[in-house]
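Participant: Would you be able to build a 3D model of this:
(2 chains)
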Amino acid sequence: MPHIISRTPRMAQGGRPSCLPAGKNTASSVTRVIVKTPGKQEDFMIADDTSVRQFKEKLSAHFKCQVDQLVLVFMGRLLKDHDILSQRGILDGHTIHLVIKSKHSSRSLAHSSRKPSTDEPCHQDKNTKGNSSGVHQPAGANHSPVESAVSAEPGVPRMHTQGLEVLSLERIAQILENPGIQQLLSNTDFMRRLISEHPDMQQLMQQNPEVSHIFDDSDVLWQTLELARNLAVIQEILQIQQPAQNLEHPSDPQSHVGSETTRGEDKALSQNSADFNDQMLSSSHDPFGGNLFTALLGGQVPEPVQSSPPSPPPPQEWQEQLPQLPTARVIYASSRDLSSTASASATPSKANQTSRANTAASSTYGWSHTCDVEQLTGSPALPSIELTQQPQAEDKDATTSLDSSDQKLEDDLRLLDEQTGSQIAGSMTQVLLNNPSLAAQMMLCMSMPQLSEQWRQQLPALPQQTQLSDMLTALANPKTSQAILQIEQGLQLLATEAPVLLPWVAPYLWGLGWLPAPSCSYPDTVPGAWDVPDMEEPKGPESCHKSGTVLQSLQSRDGDPSHLLQAPEIRFSKQMESLHAMGFGNHQANLQALIAT
Amino acid sequence: MEPPNLYPVKLYVYDLSKGLARRLSPIMLGKQLEGIWHTSIVVHKDEFFFGSGGISSCPPGGTLLGPPDSVVDVGSTEVTEEIFLEYLSSLGESLFRGEAYNLFEHNCNTFSNEVAQFLTGRKIPSYITDLPSEVLSTTSGACSL
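Facilitator: Next comes the predicted model:
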């Protein structure tokens, strides 16, 4: 082929522009062009009169591909086959870019290859929140990994005409935005335990041993947790559920979403779950959401299914999917309940008991109460609406410290109450009640990350009482947690600096309601607090717990558990004597120094 | 024969320091830098850039950086979107993988330069590509690495 020319000394003169026809035959006939492909470049020598077509043939032999796959670009212009290279202005030393198209290159492929090529790098930084965009806007969202992070779902849930449920979702969305709750939800261990402890979950675990496998698989758990935060997915599921819902309890004010699932839905659900299940196993984000939440909302299904023999036995895969149902269900319940309890924020409108008002008024913090969330839990048949309005008035004064959040939430609460249903709240609090350590962990995660370690050790035996939900709601108030933090810090400081003063602080604590008055004498209570989980004095043990917590932690740190509160003088008496003997007369200073060591 | 379509190619330039570099660089480096430049190529109504996650794209101005601080017109290209995306995917597998990112040697501006040359034959302004060497040439810049 005439245009394949090997290097010769003539190349040295090849620097002349080869398109000039002036009698430089030797120099003008050969051009060195650089062909650049992604990742590498090579030199090629070509004759001036080479056409693009011929050049492509040469290249195809070199790169071992078909001529049709080659695309040559020079200065942004596509080189057509009939062009002559020199006529396009390709001179010596110029660079021609080469793109080798894939074999099946076509318009349809362009779109499909477009997605992976741009989307996979785009999704390198996983967006845990923005995935719903993939659900709702598959076309546009793929290109905006960053945007999806920015436009995290929260309050965006599309306003459908589903009425109250949507509003509740928004509430939940806002609540879930609370970093405390998010942190809580992120705590896989905690959520795992929470799920395990849920009574329904345990029931299911008995029936389906495979359920436990779910918890072992952290991946599944994590995805489930992400689901709980992905409200848009919840909404989608709701949409799916809506038409399928058989309104067994049409007038039930506490209609829990999904509680109306019937046998008729089983098959639909099973189909959905079957589809979703595969996707879940392939660990994709969005479709997975569909799975568990479908399952979740159909979480009631297993029970009625089993209780109704005539219904056709669920297909085998449905059985296998059962384990996933309660997981999601519990998570959903948990997340909703978190929102419900958090949003309740001690607003009595949720509580519908009058006694709350009185007790709540006595404490500025949610810690010491008598709040009988027991009523909350014990009466799942809470007729939410009527009662909510009732206690609102009387409890207004009770929630002095929580006013700010109250105002915001009150309007939503009524609607929220209808939706979330006391069942969820009840079950949630029940779970927490049964597992004080779990509740402790939850509270830790929510409000006091700094003290979490310390508290975990110190709160093994939280009162079984129902103050928990009150605590939770109070904790949802950031100001509350800040205040508690400050108190804790103050106590710590005091304990380190002058532990002898702690008994003197007790009166102040009493005033705050932390310590019950004389019935709980300070030093005695501290060691004994841990053994007293009973509820005779709801205030007492709790507050003693709290103060005891601080003290105990300090005690353990100091390594002198029993004598800290005893007069340090006694402890240091010997050292004090020796100090005196050495000439240090200042009694107080000596004491301080000894304490500090 | 139909005239080929020409697609405009723009270079979006962002100053990551938001003006601080201009003010502080004389003090910190001993020489004047106008900015810490991050660039991306905008063509076919999409913005393409290179980061530690590989080659990414988004709607123009759609990154967290917001709108660009300046826009440079690189030229126009006949390269269609289809061909361009093929090109990008092969780049992403060869030269511009995510792990290949190097803040000084092989960064977003390297990528923008490469793509600009592919699309138009022109390079991006030199003040952008010279930034790493500018910084490295100062003793404090080199020491801070």
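
Participant: Tell me the spatial nearest neighbour of residue 81, not counting adjacent residues.
Facilitator: Chain wasn't specified; assuming chain A. In this structure, A:D81 finds its nearest non-sequential neighbour in A:R53, 4.1 Å apart by Cβ to Cβ, 6 or more residues apart in numbering or on different chains. No exception for glycine: its C-beta is placed from N, CA and C like everyone else's.

Participant: my question was about chain B
Facilitator: B:H44 (4.5 Å).

Participant: which residues touch the one you found?
Facilitator: B:7, B:81, B:84 (Cβ atoms under 8 Å, 6 or more residues apart in numbering or on different chains).

Participant: just A:A596 next, same as before
Facilitator: Applying Cβ under 8 Å, 6+ apart, no residues contact A:A596.

Participant: Ramachandran angles for B:F96?
Facilitator: phi -120, psi 50 (degrees, to the nearest 10).

Participant: who in chain B is up against chain A?
Facilitator: B:4, B:9, B:46, B:53-59, B:62-64, B:75-79, B:81-83, B:85-95, B:98, B:117-122 (Cβ under 8 Å from any Cβ of the partner chain).

Participant: The same query, at a cut-off of 6 Å, please.
Facilitator: By the rule Cβ under 6 Å from any Cβ of the partner chain, the part of chain B lying against chain A is B:53-58, B:62-64, B:75, B:77-79, B:82-83, B:85-91, B:94-95, B:118-121.

Participant: Give me the PyMOL select line for those, limited to the buried ones.
Facilitator: Command for PyMOL that selects the buried part of the residues of chain B next to chain A, burial taken from 16 or more other Cβ atoms under 10 Å in any protein chain shown:
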select buried, chain B and resi 53+54+55+56+57+58+62+63+75+77+78+79+82+83+85+86+87+88+89+90+91+95+118+119+120+121
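
Participant: in chain B, what spans have low per-residue confidence?
Facilitator: For chain B, applying pLDDT under 70 flags the ranges B:1-2, B:139-141, B:144-145.

Participant: And the helices in it?
Facilitator: B:20-28, B:81-94, B:108-120, B:126-129, B:131-137, B:139-143 (DSSP state H).

Participant: Go through those helices and pick out the most buried.
Facilitator: helix B:108-120 (a mean of 24; mean count of other Cβ atoms under 10 Å in any protein chain shown).

Participant: what sits up against that helix?
Facilitator: With contacts defined as Cβ atoms under 6 Å, 6 or more residues apart in numbering or on different chains, helix B:108-120 is touched by A:76, A:97, B:9, B:38-39, B:41, B:49-50, B:74-75, B:77, B:79, B:96, B:123-124, B:128-129.

Participant: and that helix with helix B:81-94, angle?
Facilitator: 140 degrees (axes from the mean of the first three to the mean of the last three Cα atoms, to 10 degrees).

Participant: Can you show me the CA trace of helix B:108-120 as PDB?
Facilitator: The C-alpha coordinates for helix B:108-120 follow below in PDB (Å, rounded to 0.1, in the frame of the first residue of the first chain):
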ATOM      1  CA  CYS B 108     -10.500  17.400  37.000                       C
ATOM      2  CA  ASN B 109      -8.700  19.900  34.900                       C
ATOM      3  CA  THR B 110      -6.600  17.200  33.300                       C
ATOM      4  CA  PHE B 111      -9.800  15.600  32.300                       C
ATOM      5  CA  SER B 112     -11.400  18.800  31.000                       C
ATOM      6  CA  ASN B 113      -8.300  19.500  29.000                       C
ATOM      7  CA  GLU B 114      -8.400  16.000  27.500                       C
ATOM      8  CA  VAL B 115     -12.000  16.200  26.600                       C
ATOM      9  CA  ALA B 116     -11.800  19.700  25.200                       C
ATOM     10  CA  GLN B 117      -9.000  18.600  22.900                       C
ATOM     11  CA  PHE B 118     -11.100  15.700  21.800                       C
ATOM     12  CA  LEU B 119     -14.100  17.700  21.100                       C
ATOM     13  CA  THR B 120     -12.600  20.800  19.600                       C
END
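
Participant: Distance from the chain centre to that helix, please.
Facilitator: 7 Å (Cα atoms, centre = their mean, to the nearest Å).

Participant: Equivalent analysis for stretch B:65-82, please.
Facilitator: On Cα atoms, centre = their mean, the centre of stretch B:65-82 falls 10 Å from the chain's centre.

Participant: cool, stretch B:112-132 as well?
Facilitator: Using Cα atoms, centre = their mean, the offset of stretch B:112-132 from its chain centre is 7 Å.

Participant: so how far is the first residue of that stretch from its last?
Facilitator: 15 Å (Cα to Cα, to the nearest Å).

Participant: likewise stretch B:95-108?
Facilitator: 12 Å.

Participant: which ones are touching B:Y87?
Facilitator: Per Cβ under 6 Å, 6+ apart, neighbours of B:Y87: A:V99.
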